[in-house]
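Novice: pasting the sequence and the predicted model now:
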Amino acid sequence: MSGTVETAGTNEEEGAAGTAPVLRLEAVRKTYGRESVVLRDVDLEVAPHTVTALIGASGSGKSTLLRCANLLEEIDDGAIYLDGDEITDPRADVDAVRRRIGVVFQAYNLFPHMTVLDNITLAPRRVHRMPRAEAAARAHELLERLGLGDRARAYPDRLSGGQQQRVALVRALACRPRLLLLDEITAALDPELVGEVLAVVRDLKEQGMTMVLATHEMGFAREVADQVCFLDGGVILERGAPEQLFGAPREDRTRQFLQRIIQAGRL
Amino acid sequence: MTSGKGLLKSERPAASGAADDGYVPSQRRLARERFRRVRARRAATVAALSTLVTAVVLFLVITRSPGWPRTRETFFSADYARQALPKVLEGLLLNLRLLVVCGAAVLVIGLLLAVARTLRGPVFFPLRALAAAYTDFFRGLPLIICLLMVVFGVPALRLQGVTTDPVVLGGSALVLTYSAYVSEVFRAGIESVHPSQRAAARSLGLSSGQALRFVVLPQAVRRVVPPLLNDLVSLQKDTGLVSIAGAVDAVYAAQIIAGKDFNYTPYVVAGLVFVALTIPMTRLTDWVTARMDRRRAQGGAV
């Protein structure tokens, strides 16, 4: 895993967009049913080539925020923009939006009936109409760089959790996404497997990939993020550079949360 | 094969197997293996004995019954059996043809119905409702009544261009009923695929149709292979019911001979032929199920 991971790198829009945010949330509100408000007036900007870490207790709305950004959940109010286009417009082409966003889930969600290679080439072939050979070549290249070169023909259930999660990353990268959403991708892994997955994310950051990640790995968030957002009860209670947020949190709730994390030995 | 199953049952390699590392089985292990062997032997003896006793009792009860000589003559006459077998086998060809054609049609229609029922969105409401109504109706309608309605009802309409061939009509009735059963099997399979699989597929940019075709259906179909085969075995037997329409299949061939002298041996012959036919199918079902369980177990063990 020493090699660098070729990102994705942003095929077309890059030049035109300049430093305009890749992803922008504007007063996003999301509720489940009548009672539970999961996201309340959330504003967020993600600049190109930056990493945004979402931290907060379980149920604070981190995952929901990511699911909304990928249109897996429909928001109740507000707007979400991807490269300046409003993707929450009901007239927007949902599939086209998702093609520009890569997602990696906590539970990997690999397709168990397909080999690693087929998992990775499915979307390039079926969605991007890439010829089989080209898609396979690209998949092999990415697998090689992530140290999984020999697992292309294996089925996901023969891989360790860390390997599965790296395959899930390759699967998301194979479509050359503009933005990568990582939803607690190390939460289901044994401690000794967390490192290999985080190393990939670190590489991706070096390559200039724009990422939003929900995470419980505070040390990692501090190291890799350009912007950290602390979510609490569906609002971004505090945001800032990692040094500020971890070093000198302004809000009491942030301090309490970090205190609990430290006590649990996770920072 | 070697993993889970062997450990659960007492199939561990015998203690005598000398390993390279100089391992000598302990007394404890030898005693355990001895105990397991004794217990297995005792269980086998009990099973064999009870089977034998049951068989003997049944045999005695039947052969000692007052009507046995007459029954044997009517149901188990070797003479009639010889006479009936070729005719029955000839008729069986029709059953087999029906099975192949109806089986294929049932799988296709069943899958379409199941997919129609799982479509989301208000646009598809009519389709969904129609598919639901169809399955509800034909699953509840007794097959024999469905057959009678189609086989005698359709020709009674005297529609032009519509066949009155009892085989085609009987086959259609089978397809009507069995697609309803099979669609429920497929639907259960589709709904058993975890929603996160669909979410993963959609986030890769696959359309909902593509997600269904490449991700959901392949997994769903794999899961329902055993119950599907079960339904096909059932269909295989029920092809015999087209005889009520007058199609000369194995059952009707038997009926023709039996009707002449009121000797029922041909029925027994036809019944045994059907059993002989379903046994390979049932074994195939078992084999496929076992193989799939093993695959899953291996996956889980890693």
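Specialist: Now that the structure is in, tell me what you want to look at.

Novice: check contacts around residue 115.
Specialist: Picking chain A for this. Taking Cβ atoms under 8 Å, 6 or more residues apart in numbering or on different chains as the contact definition, A:Thr115 lies against A:Ala152, A:Arg153, A:Ala154, A:Tyr155. The way it works is simple: take the backbone N, C-alpha and C, and place the C-beta from them, glycine included.

Novice: wait, chain B
Specialist: Shown in contact with B:Val115 (Cβ under 8 Å, 6+ apart): B:Phe186, B:Ile190, B:Leu212, B:Leu217.

Novice: among those residues, which ones are in strands?
Specialist: In strands, defined here by DSSP state E, there are no members of the contacts of B:Val115.

Novice: of those residues, which is the most crowded?
Specialist: Sorting the contacts of B:Val115 by how many neighbours each has (other Cβ atoms under 10 Å in any protein chain shown) puts B:Phe186 first, at 26 neighbours.

Novice: quick check: closest non-adjacent residue to it.
Specialist: The shortest distance from B:Phe186 to any non-neighbouring residue, by Cβ to Cβ, 6 or more residues apart in numbering or on different chains, is to B:Ala114 (3.5 Å).

Novice: residues touching the one you found, list them.
Specialist: The contact partners of B:Ala114, taken as Cβ under 8 Å, 6+ apart, are B:Ser183, B:Glu184, B:Val185, B:Phe186, B:Arg187, B:Gly189, B:Ile190.

Novice: unless I'm mixing things up, A:Leu179 is touching A:Arg98, no?
Specialist: No: using Cβ atoms under 8 Å, A:Leu179 is not in contact with A:Arg98, being 10.7 Å away.

Novice: B:Asp231 sits in which helix or strand?
Specialist: Per DSSP states H and E, B:Asp231 falls inside helix B:217-238.

Novice: can you give me how far that helix is from the chain middle?
Specialist: 7 Å (Cα atoms, centre = their mean, to the nearest Å).

Novice: next SSE downstream of that helix?
Specialist: Downstream of helix B:217-238, the first helix or strand assigned by DSSP H and E is helix B:250-261.

Novice: next helix or strand past that following helix?
Specialist: Note on helix B:250-261: by DSSP H and E, the next helix or strand toward the C-terminus is helix B:265-301.

Novice: what packs against that next one?
Specialist: Helix B:265-301 makes packing contacts with helix B:4-8, helix B:68-75, helix B:78-118, helix B:217-238, helix B:250-261 when contacts are defined by 3 or more Cβ pairs under 8 Å, 6 or more residues apart in numbering or on different chains; DSSP states H and E.

Novice: take these and write them to TSV, including distance to A:Leu66 and mean pLDDT.
Specialist: Shown next, in TSV, are the helices and strands packed on helix B:265-301 (distance: least, Cβ to Cβ, whole Å; pLDDT from 0 to 100):
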stretch	distance to A:Leu66	mean pLDDT
helix B:4-8	38	42
helix B:68-75	72	89
helix B:78-118	26	93
helix B:217-238	25	90
helix B:250-261	62	88
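
Novice: how many residues are close by the closest residue to chain B within the stretch 101-250 of chain A?
Specialist: Ranked by Cβ to the nearest Cβ, the top residue of the stretch 101-250 of chain A for proximity to chain B is A:Asp157, at 3.3 Å. A:Asp157 has 15 neighbouring residues, counting by other Cβ under 10 Å.

Novice: thinking it is in contact with A:Phe111, fair?
Specialist: No: using Cβ under 8 Å, A:Asp157 is not in contact with A:Phe111, being 11.1 Å away.
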